[in-house]
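Asker: Here's a sequence, model it:
(chains A and B)
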Amino acid sequence: AQTVTQSQPEMSVQEAETVTLSCTYDTSESDYYLFWYKQPPSRQMILVIRQEAYKQQNATENRFSVNFQKAAKSFSLKISDSQLGDAAMYFCAYRSVYTGGFKTIFGAGTRLFVKA
Amino acid sequence: DTAVSQTPKYLVTQMGNDKSIKCEQNLGHDTMYWYKQDSKKFLKIMFSYNNKELIINETVPNRFSPKSPDKAHLNLHINSLELGDSAVYFCASSQDPRDSTTNSPLHFGNGTRLTVT
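Answerer: You can find the predicted model right below:
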């Protein structure tokens, strides 16, 4: 069974600085999708960025980018020019393509604090 | 326009009661889900439905009964509520994840905070 591990329960960053959130996963599959979701205090779950495992190029979305290391099974999220609105829980998630993909597995989350 | 809407936002009830949470999506998605987020923020899938058909039942007690009258709706009924059922319940939808042309991210509702006293 696949697992997703986020080893940093909490992280803190100064406004305008850069922070990297770690995520590792365990799978025997060669093709899959990876996601980062953000959950601000409002409780809503928001997709931040996605990555297809067959793509070697790292995904970017404005200030958000990932470092996808397939061999190492690592999928870290980099937030550049951090803003106060980035303060939230961040969840790394894995979705298989082989078992129908009907189950997305989430890590335990990292709470990000942004200091003014 | 709200993409995935679930009601109510908050639900406070006593042990032993029966309650329902409703979910509707207007994204035209084929697949809908229920996730449970516990007090430590851990998210775990409960059910997946595709075109009204149950695909995944992740060892959820049979006090929980999902119902999908059509592919735009997935409701969750809970019988004989227990203290341990207190959590935030998220409805979500996606395109059919078997469609290889899309990476089918989840679109979540705003969650229902259930408190059982």
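Asker: going forward, measure contacts and count neighbours with C-alpha atoms only.
Answerer: Noted.
Asker: hey, what's residue 12 bridged with?
Answerer: In the absence of a named chain, this looks at chain A. residue A:113 (DSSP bridges).
Asker: wrong chain, I was asking about chain B
Answerer: residue B:115.
Asker: Quick check, pLDDT for it.
Answerer: Residue B:12 carries a pLDDT score of 97 in this model.
Asker: Residue A:6 is in contact with residue A:111, isn't it?
Answerer: No. Taking contacts as CA atoms under 8 Å, residue A:6 lies outside contact range of residue A:111: 10.5 Å.
Asker: Between the two, point out the one with more neighbours.
Answerer: Neighbour totals were compared for residue A:6 and residue A:111, and residue A:6 leads with 22 against 19 (other CA atoms under 10 Å in any protein chain shown).
Asker: so what's whatever residue of chain A ends up closest to chain B up against?
Answerer: Going by CA to the nearest CA, chain B is nearest to residue A:44 of chain A, at 4.9 Å. Contacts for residue A:44 were tallied using CA atoms under 8 Å, 6 or more residues apart in numbering or on different chains; they are B:108-111.
Asker: Using the three-state scheme, assign the residue most central in space within chain B.
Answerer: The residue lying closest to the centre of chain B (CA atoms, centre = their mean) is residue B:34, at 2.5 Å. Look at residue B:34: counting by DSSP: H, G, I helix; E, B strand; the rest coil, its state is strand.
Asker: any idea how far the nearest residue to it once chain neighbours are set aside lies from residue A:60?
Answerer: Distance criterion CA to CA, 6 or more residues apart in numbering or on different chains; nearest residue to residue B:34, sequence neighbours excluded, is residue B:91 at 4.7 Å. Separation of residue B:91 from residue A:60 (CA to CA, to the nearest Å): 27 Å.
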